[in-house]
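*Asks:* Sequence plus predicted model, see below.
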Amino acid sequence: MSFIKITYPKDGVALVTLNRPDRMNAMAFDVMQPLKEELEKISFRSDIRLVILTGEGSTFCAGADLQDPGYLPVFDGHTMPRIALRAMRVLDDVMKTIRDMTQPVMAAINGPAVGGGFCLAMAADLRIASETAFFRAAGINNGLTSAELGLSYLLPRTIGITRANDIMLTGRDVDAQEAERFGIVSKVCSNDSLLDESLTMADSILRHSHMGIEQTKMLMNASIEAGSLHGHMHHEGITQLFVRMTTNNFQEAIKARKDNRPPDFDDQI
């Protein structure tokens with residue numbers, strides 16, 4: 001049985017589903033490694049312009065699999081400390097892959113996002129949640145830290161250091177409504193309408209040029225690590241000129257407005 005299910009609910013959209021609902025879609029290594037590999041394949045597909053990541057059943061992702069963490073052949077021959085380091089790298093690589101994908105990744109959070117599941121949600125570019133979703137930085141509750149898999153980097157940059165400290169130091173649950181107020185998610189909807197709402201948001205993205213969306217994601221991610229405003233503005237300017245001078249998208253947008261029709265961007269000169 002495949003623990004990663006991929007479907008195509010509409011042209012240009014890949015729906016990637018963690019498919020182990022009996023284990024609350026926990027982050028076993030034999031689930032996360034296939035997830036990374038499938039996302040890497042999708043990243044190079046020209047026909048896929050947006051990815052929706054969700055969980056099967058009533059849970060988005062419950063974090064570490066405490067029942068069976070899974071075993072990968074790459075662990076063979078290593079001592080336990082070295083296995084632990086390599087295991088963490090497997091999980092880190094999933095988050096990095098999501099951030100590095102050319103397509104925007106939208107997390108459709110259909111239920112609890114706990115521990116590593118919270119981290120997985122935060123790695124996405126966009127988040128929309130069902131009413132039953134909640135978020136928990138669970139490591140602190142288990143005698144560990146809440147800082148894992150990029151969470152202590154991404155969360156404060158998303159909602160501010162004070163609110164991030166509140167969540168990460170207390171280990172409390174943040175329900176969907178509070179998550180929307182904080183800016184963790186951009187929208188909350190009913191469980192039944194989560195996919196439809198995600199696809200509606202996808203439509204508002206897909207109507208723009210492929211190149212424009214891809215480069216905007218790249219620059220938004222680069223801004224998080226930018227050393228200065230001036231340096232990042234230079235990066236923005238070069239990218240804007242690149243798209244302007246190597247495609248007819250700008251001319252098509254002007255013509256479409258005159259013709260009172262949607263633009264047809266082909267990202268070509």
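*Replies:* Received the coordinates, thanks. Numbers count the residues shown, from 1 in each chain.
*Asks:* per-domain residue ranges of the chain.
*Replies:* Following automatic domain parsing, one gets these domains for the chain: 4-206, 210-259.
*Asks:* hey, which of these is tucked in deepest?
*Replies:* Greatest average neighbour count among these goes to domain 4-206 (a mean of 18), per mean count of other Cβ atoms under 10 Å. Heads up, the C-betas are built off the backbone N, CA and C, glycines and all.
*Asks:* okay, how far is it across that domain, tip to tip?
*Replies:* 24 Å (Cα to Cα, to the nearest Å).
*Asks:* Likewise for stretch 35-51?
*Replies:* Separation of the first and last residues of stretch 35-51 by Cα to Cα is 13 Å.
*Asks:* now stretch 151-170
*Replies:* 15 Å.
*Asks:* Now do it: everything it contacts.
*Replies:* The contact list for stretch 151-170 (Cβ atoms under 8 Å, 6 or more residues apart in numbering) reads 118-119, 122-123, 135, 137, 140, 146-147, 172, 174, 182-184, 224.
*Asks:* So which of these belong to helices?
*Replies:* Members of the contacts of stretch 151-170 lying in helices (criterion: DSSP state H): 118-119, 122-123, 182, 224.
*Asks:* for residue 128, what are its contacts?
*Replies:* Contacts for residue 128 were tallied using Cβ under 8 Å, 6+ apart; they are 106-109, 185-189, 194, 197-198, 201.
*Asks:* Could you pull up phi and psi at residue 114?
*Replies:* Main-chain torsions, residue 114, degrees, to the nearest 10: phi -120, psi 140.
*Asks:* what sits opposite it in the beta ladder?
*Replies:* With DSSP bridges applied, residue 114 shows beta-bridge pairing to residue 136.
*Asks:* looking at it, it is touching residue 139, isn't it?
*Replies:* No - using Cβ atoms under 8 Å as the test, residue 114 is too far from residue 139 to be in contact (10.0 Å).
*Asks:* which one of the ones in helices among the contacts of stretch 151-170 is nearest residue 53?
*Replies:* Nearest to residue 53 among the ones in helices among the contacts of stretch 151-170: residue 123, at 9.0 Å, using Cβ to Cβ.
*Asks:* Where does the prediction get shaky in the stretch 51-200 of the chain?
*Replies:* 69-73, 76-78, 80, 83 (pLDDT under 70).
*Asks:* Where do the strands of it begin and end?
*Replies:* Listed in chain order, the strands of the stretch 51-200 of the chain (DSSP state E, counting those that start in this stretch) span 105-109, 113-114, 126-130, 134-136, 174-175, 187-189.
*Asks:* Would you mind writing the CA trace of the third one as CSV?
*Replies:* Presented in CSV, the C-alpha positions along strand 126-130 are these (Å, rounded to 0.1, in the frame of the first residue of the first chain):
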residue,chain,number,x,y,z
LEU,A,126,-0.2,28.9,1.9
ARG,A,127,-2.4,27.3,4.6
ILE,A,128,-6.1,26.9,4.7
ALA,A,129,-7.7,25.0,7.6
SER,A,130,-10.9,23.1,8.4
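*Asks:* Pairing partners for that strand, with directions?
*Replies:* strand 105-109 (parallel), strand 187-189 (parallel).
*Asks:* closest one to residue 245 among the ones you listed?
*Replies:* strand 105-109 (28.4 Å).
*Asks:* thinking again about what came up before, can you put the contacts of residue 128 in a markdown table and add distance to residue 46?
*Replies:* Below are these laid out as a markdown table (distance: Cβ to Cβ, whole Å):
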| residue | distance to residue 46 |
| --- | --- |
| 106 | 19 |
| 107 | 23 |
| 108 | 23 |
| 109 | 28 |
| 185 | 29 |
| 186 | 27 |
| 187 | 29 |
| 188 | 33 |
| 189 | 30 |
| 194 | 27 |
| 197 | 26 |
| 198 | 22 |
| 201 | 22 |
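*Asks:* Specify which member of those is nearest to residue 94.
*Replies:* residue 107 (12.7 Å).
*Asks:* quick one: contacts for the closest one?
*Replies:* With Cβ under 8 Å, 6+ apart, residue 107 has these contacts: 52-54, 60, 120-121, 124, 126-128.
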